[in-house]
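Asker: need a 3D model of the sequence below.
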Amino acid sequence: MPNPNHSLPTLEHIYQNYLFDSLRWNFFKFRDDDIVITTSGKTGTTWTQGIVANLIFLGRDLPAPPLEMSPWLDMRMSPLEQVLTQLEQQTHRRFIKTHLPLDGLRFDQRVKYLYVGRDTRDVFMSWWNHYRSFTEDALVSFNTAPGRVGPELPRCPEDIHDYWRIFMTRGGFDWENEGYPGCSPLHHAQSWWDYRHLPNILFVHYADLLADFQGEAQRIANFLEIQVPEEAWPAINRNCTLSEMRAAAAPYEILRQMLKGGAETFFHKGTNNRWKEVLSTDELALYDFAAKRALTPECRRWLENGKSAFEPSAAA
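Answerer: Okay, here's the model as predicted:
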C-alpha cells in the first residue's frame with residue numbers, strides 16, 4: 001500500500017539479478033513527453049510497444065522495428081552507454097520498456113507511464129513456454145553478463161507442474177513470495193495499482209486488448225495525447241496483429257540466438273486461459289493463497305479480468 005507520508009511513489013528496493021539492474025535508470029535523462037511501458041513480463045509488452053510506435057507514427061512506416069526503437073533500459077546485457085546514446089539520439093517521441101515494479105523505478109511526474117497487466121496464471125503459461133525455450137547461448141549470456149548480482153539463472157524444470165509449484169511459492173527477491181526466478185507478477189501489479197490515482201499512469205489489460213483492440217488503442221492514444229485521424233486506424237490495426245508483429249520480428253538474429261524457434265516462440269499463441277486445461281484444483285490453490293497474500297481484492301479482480309470485473313454485469 002502507498003506510504004501515507006508520500007503522495008508520490010518512492011524507491012524502496014534495488015532490483016538486480018542475472019537479467020536486470022534497476023540502478024541503470026539513475027543515468028537516464030527524461031524528456032517531458034517520454035513514455036514508459038511497464039509490465040511484469042509476458043503480459044503483452046512487445047505488443048504494447050508496437051501499439052505505441054504505430055500511434056506515434058500514425059500507422060506509417062516506422063524508422064525501425066519497435067524492439068529497436070524502444071529499448072529495455074534495465075536489461076543488463078545491453079551496454080548501458082549504448083542504450084543511453086541510442087535514446088539520446090532519438091528525435092521522435094521516446095517510449096522505453098521496463099519490467100520493474102514501481103517500488104524499484106525512478107518516478108517522474110512529467111512522464112506518461114503505461115502499465116500493462118494480465119492474469120498471473122496466463123503469464124505463467126506464456127513464461128513457461130519462453131523459459132523452457134532459452135538456448136544454451138541465452139543461458140550463457142544471462143549468467144555471464146557483466147556485473148551480474150545474485151545466483152545464475154537455472155535451467156527451466158522439465159515438468160510444468162514442478163515449475164508451477166516453484167513459481168507460486170518462491171520469490172526471486174527477499175521481499176517477494178512468488179515469481180522465481182524473476183520478479184513476482186503479483187507484487188509488480190500491486191506496486192503500480194497502489195498509485196493508479198496518479199494522472200500520468202494508465203492501466204491497460206491484456207484481455208481488454210484482445211476483446212476490443214481499437215477501443216483500447218484509442219484509450220492509449222487519448223492518454224498519450226495523440227490525435228489519430230480516422231484514416232490511420234486500418235493501418236494501425238493491421239500493423240499490430242500478432243501475425244504482422246511476428247513477421248516484423250522474424251529477421252532478428254538475437255531472437256534466434258536466444259530462443260529455440262526465434263520469433264515463432266517469442267510471439268507464441270497470444271491467448272488466455274490455457275492454464276485451465278493444465279493446472280489442477282490443488283495447484284490453483286497455490287495461486288489463490290499467493291494472490292490473497294499479495295493483492296488487494298480490487299487489484300486482484302482487475303488483474304484476473306480486466307475492466308469487465310468492474311462492469312455492472314460482472315458485479316451482479
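
Asker: what's the helix or strand that residue 52 is a member of packed up against?
Answerer: Counting by DSSP states H and E, the element that carries residue 52 is helix 45-56. Applying 3 or more C-beta pairs under 8 Å, 6 or more residues apart in numbering; DSSP states H and E, one finds that helix 45-56 makes contact with strand 35-38, helix 66-69, strand 95-98, strand 112-117, helix 213-223, helix 233-239, helix 242-249. C-beta coordinates here come from the backbone N, C-alpha and C atoms, glycine included.

Asker: name the surrounding residues that touch that helix.
Answerer: With contacts defined as C-beta atoms under 8 Å, 6 or more residues apart in numbering, helix 45-56 is touched by 35, 37, 39, 62, 66-67, 69-70, 92-93, 95, 97, 99, 114, 116, 204, 209, 217, 220-221, 224, 226, 228, 235-236, 239-240, 242, 245, 248-249, 266-267, 270.

Asker: list only buried entries from those.
Answerer: Neighbour counting with 16 or more other C-beta atoms under 10 Å marks 35, 37, 39, 62, 66-67, 69-70, 93, 95, 97, 99, 114, 116, 204, 209, 217, 220-221, 224, 228, 236, 239-240, 245, 248-249, 266-267, 270 as buried within the contacts of helix 45-56.

Asker: the helix holding residue 52: how far from the chain's middle?
Answerer: Remark: helix 45-56 is offset 12 Å from the chain centroid, using C-alpha atoms, centre = their mean, to the nearest Å.

Asker: ditto for stretch 77-97
Answerer: Relative to where its chain is centred, stretch 77-97 has its mean C-alpha point 18 Å off (C-alpha atoms, centre = their mean).

Asker: and for stretch 116-135?
Answerer: Relative to the mean C-alpha coordinate of its chain, stretch 116-135 is positioned 11 Å out (C-alpha atoms, centre = their mean).

Asker: and that stretch, C-alpha only, in CSV?
Answerer: Taking only C-alpha atoms (Å, rounded to 0.1, in the frame of the first residue of the first chain), the coordinates of stretch 116-135 have been written out as CSV:
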residue,chain,number,x,y,z
VAL,A,116,0.0,-3.5,-18.8
GLY,A,117,-1.5,-6.3,-16.7
ARG,A,118,-2.5,-9.9,-17.3
ASP,A,119,-3.8,-12.7,-15.2
THR,A,120,-0.8,-14.3,-13.5
ARG,A,121,-1.9,-17.8,-14.5
ASP,A,122,-1.8,-16.7,-18.2
VAL,A,123,1.5,-15.0,-17.5
PHE,A,124,2.8,-18.3,-16.2
MET,A,125,1.8,-20.3,-19.3
SER,A,126,3.5,-17.8,-21.6
TRP,A,127,6.6,-17.5,-19.4
TRP,A,128,6.8,-21.4,-19.2
ASN,A,129,6.9,-21.5,-23.0
HIS,A,130,9.5,-18.7,-23.1
TYR,A,131,11.7,-20.0,-20.2
ARG,A,132,12.0,-23.6,-21.5
SER,A,133,12.9,-22.3,-25.0
PHE,A,134,16.0,-20.5,-23.9
THR,A,135,19.0,-21.7,-25.8
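
Asker: what average pLDDT does that stretch get?
Answerer: The predicted model assigns stretch 116-135 a mean pLDDT of 93.

Asker: likewise stretch 157-166?
Answerer: 96.

Asker: same check on stretch 15-32?
Answerer: Mean per-residue pLDDT for stretch 15-32: 97.

Asker: please state the offset of that stretch from the chain centre?
Answerer: Relative to the centre of its chain, stretch 15-32 is centred 15 Å away, using C-alpha atoms, centre = their mean.

Asker: first-to-last residue distance for that stretch?
Answerer: With C-alpha to C-alpha, to the nearest Å applied, stretch 15-32 spans 25 Å between its terminal residues.

Asker: what residues does it touch?
Answerer: Stretch 15-32 is contacted from outside by 13-14, 72-77, 80, 83-84, 87-88, 94, 96, 98-101, 104-106, 108, 110-111, 142-143, 145, 147-153, 172-173, 181-183, using C-beta under 8 Å, 6+ apart.

Asker: these in strands, which ones?
Answerer: Cross-referencing the contacts of stretch 15-32 against strands under DSSP state E gives 96, 98.

Asker: of the helices and strands packed on helix 45-56, which approaches residue 133 most closely?
Answerer: helix 242-249 (14.4 Å; C-beta to C-beta).

Asker: neighbours of the closest residue to residue 239 other than its chain neighbours, how many?
Answerer: Nearest residue to residue 239 in three dimensions, chain neighbours excluded: residue 54, at 5.1 Å (C-beta to C-beta, 6 or more residues apart in numbering). For residue 54, the tally of surrounding residues (other C-beta atoms under 10 Å) stands at 24.

Asker: before we move on, what about residue 81?
Answerer: Residues lying near residue 81 (other C-beta under 10 Å) number 9.
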